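Q: return atomic coordinates for the entry below.
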Amino acid sequence: MLQIIRERAQGVFAWLIVGVIILSFALWGLNSYFSETDEGYQAALVNEEKVTVYEYRIAYSNEQARMQQMFGENFDIDLFEDQIKESALSRVIDNALLIQQATGEGMHVSDEQLAQRVQSIGAFMEEGRFSRAVYEQQISQAGESTAGFEYRIRRGLIADQLINGVIGSSFATPDEIALTVRLRDQEREIGYVTVPVEKFKKDIKVSDEEIQTHYDSNKENYKTQEQVILDYVELKVDGLLSGVALEEGELEDYYEEQKDRFITAEQRRARHILIELGDDDDAAKKKAQDLHAKAKAGEDFATLAKENSDDVGSANEGGDLGFFAKGIMDENFEETAYAMNVGDISEPIRSEFGYHIIKLEEIQDSTGKTFSEVKTEIEAEVRKKKAEKLYFDKVEQLANLAYETPDTLETVKIELGLDIKTSPSIGKRGGPGVFGNRKVADAAFSDDVLKETLNSEVIEIDSSHSIVVRLKEHKPAKIKELEKVKGQITTKLTNDKALEQAKAVAEGIEAKIKSGVAAEDAASEQEYRWNEKKWVKRDDSSIPREIVQAAFSMKRIDESKIDTKGVKINNGDYVLMTLSGVKDGDVANLSEEDKKSITEGIANASGVDSFTSMLKELKDQAEIKKFPGNL
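A: From the prediction side, this is the model:
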């Protein structure tokens, strides 16, 4: 079943739910489950199960990062603070409900399935293979234990089973498929004539009076942007690297501390057959012994696993578990596998999940790099780490100095040896380079900097780059003189008049068509060429998109009727089009592949609705207590 769920989890709708509803379990620390038990550390209580402030903070961080990615450097956290808090708390409460429901339904994940998931994570790969050393290093650097990480991954997989189980149980009816195809593949017969506005511009005159009138009525549209020029100092980790001194023996000591990173532990690849215990331990053991005897007698192990193993996650692969290092599998399983030679088949061994018969397929020996081979890499790392420490010390100094002498950057320059630089003119939307950062623009136009002419606080561009700005020159917004915008106004009024003339010509052609004149003749009388009728679909790209959109926005017409519509297209021209026919899509014309895709799409959409309803029902029935004062 897990394998089926995993396959379905590749669908767009399934991953939408996983991404939007489920918090990234891979970021939660073990402490979130075994500490902070005091009510003061709780973000919420869900059916008597605590949701810690730690979990909430991780959810908050994830939501903030998601919105930062969505809006880019223009993201202003202050504007979305309440929304982020509400979303983060809602997510962790949803997660708690889903885990409770899944475990209550008896869903579980075996050690083998957990191992497969962990070993498939790209961050733990080295040269295309799972590396135990990289795995432990990455988890350690994240500030937790492998046990905590695996605990969370297991819970995440359990939640996936519930989510994808609900989504995967939905289906599409024939009527739903037919309706979808009828609309998706609908075709409309259109013809059209384009009236170019350029044709009218040469004869258009715009008087000074018209320009003056437009200017007087629209002065706000012709204002300069408020701008500032800033003095600033910036501090970067990269700028500190050259000044970092390395002590004798420091690199070798670092190599010894990080040795696990540079030495890959031995890994083994095995197949197994799992016989679950069920209600009869003796019967399970007897079945395992019989399968062991068949394997030893020469029957194909992969075939035996595929036909008999209760671990469906690996059974379809002939019981293949891939490569694994020590510390991943069940203790008895691992001890047996690491005592075998390639080709050996073990006696049945017992774990909490049942009896396993193991066949060892391959051994990858431990490999490593000497100090001399990685010295350059280590030197760069050590230098970077020391520069980062120095950077954070200097950032603190920078903050203090900028605050203590708020009317100058000279003190910062002298004490920290930083150059005072001058920015280009920037507006409220920012400027080039670092001044495109939303936080910099906000600081530049803050009351402290703009009105009080004080130094800004330290602005963190990223984790290795900070700046402080102060006002050098302020350029208030002002209305541009008429002479400076006269050409701009002339162009606008010319375009407007040309469009009106083009529209009038099109309306004349339209009147002729409605009176019974053939569209080709009506256009020809005005010396325009009518584009012959053609059938188009919604995604047709052979004609301007605005025409297609207009065609499909028109009401359905009766057979033998014609309707018309005018539309301005992106290049400024005016188009008159006719709609003369509508043909619905037909399921009978679909390929099997396309029909399958549509069916799955409808089923997934229905599944999302079912999942949303289930989650709402869980919330309605749950006892939820929130602690906003702790957030």
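Q: show me the shaky parts of the stretch 51-200 of the chain.
A: 73-76, 78, 142-144 (pLDDT under 70).
Q: quick one, strands of it?
A: According to DSSP state E, counting those that start in this stretch, the stretch 51-200 of the chain carries its strands in the segments 125-126, 129-130, 187-195.
Q: domains in the protein, by residue range?
A: 2-173+604-630, 186-222+482-583, 227-247+372-475, 266-365 (automatic domain parsing).
Q: for residue 259, find the nearest of these.
A: Smallest distance to residue 259 across these (CB to CB): 8.6 Å, for domain 2-173+604-630. Every C-beta, even on glycine, is put in place using the N, C-alpha and C of the backbone.
Q: can you pull the pLDDT of residue 507?
A: pLDDT for residue 507: 97.
Q: can you name the element that comes right after the helix or strand containing it?
A: Using DSSP states H and E, residue 507 falls within helix 482-514. Per DSSP H and E, the first helix or strand lying C-terminal to helix 482-514 is helix 519-525.
Q: tell me which residues are up against that next one.
A: Counting by CB atoms under 8 Å, 6 or more residues apart in numbering, helix 519-525 makes contact with 191, 193, 509, 512-513, 529-530, 578, all of which sit outside it.
Q: out of those residues, which end up buried?
A: 191, 193, 509, 512-513, 530, 578 (16 or more other CB atoms under 10 Å).
Q: and the most centrally placed residue in the chain, how far is that from residue 91?
A: Nearest to the mean C-alpha position of the chain, by CA atoms, centre = their mean, lies residue 66 at 6.8 Å. Relative to residue 91, residue 66 is positioned 11 Å away (CB to CB, to the nearest Å).
Q: go on, residue 417?
A: Residue 417 is 45 Å from residue 91, where distance means CB to CB.
Q: also residue 615?
A: 11 Å.
Q: the more surrounded of residue 417 and residue 91?
A: Neighbour count, other CB atoms under 10 Å: between residue 417 and residue 91, residue 91 has more, with 22 against 10.
Q: among the strands of the stretch 51-200 of the chain, which is the most enclosed?
A: Stretch with highest mean neighbour count among these: strand 187-195 (a mean of 22; mean count of other CB atoms under 10 Å).
Q: now that one against helix 482-514, angle please.
A: 130 degrees (axes from the mean of the first three to the mean of the last three CA atoms, to 10 degrees).
Q: against which helices or strands is strand 187-195 packed?
A: Applying 3 or more CB pairs under 8 Å, 6 or more residues apart in numbering; DSSP states H and E, we find strand 187-195 packed against helix 482-514, helix 519-525, strand 531-536, helix 545-553, strand 574-583.
Q: how does it look with 7 Å?
A: helix 482-514, strand 531-536, helix 545-553, strand 574-583 (3 or more CB pairs under 7 Å, 6 or more residues apart in numbering; DSSP states H and E).
Q: could you dump those to CSV with distance to residue 176?
A: CSV is the format used below for these (distance: least, CB to CB, whole Å):
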stretch, distance to residue 176
helix 482-514, 39
strand 531-536, 25
helix 545-553, 21
strand 574-583, 20
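Q: pick the most deeply packed of those.
A: Most buried of the helices and strands packed on strand 187-195 by mean neighbour count (mean count of other CB under 10 Å) is strand 574-583; its value is a mean of 21.
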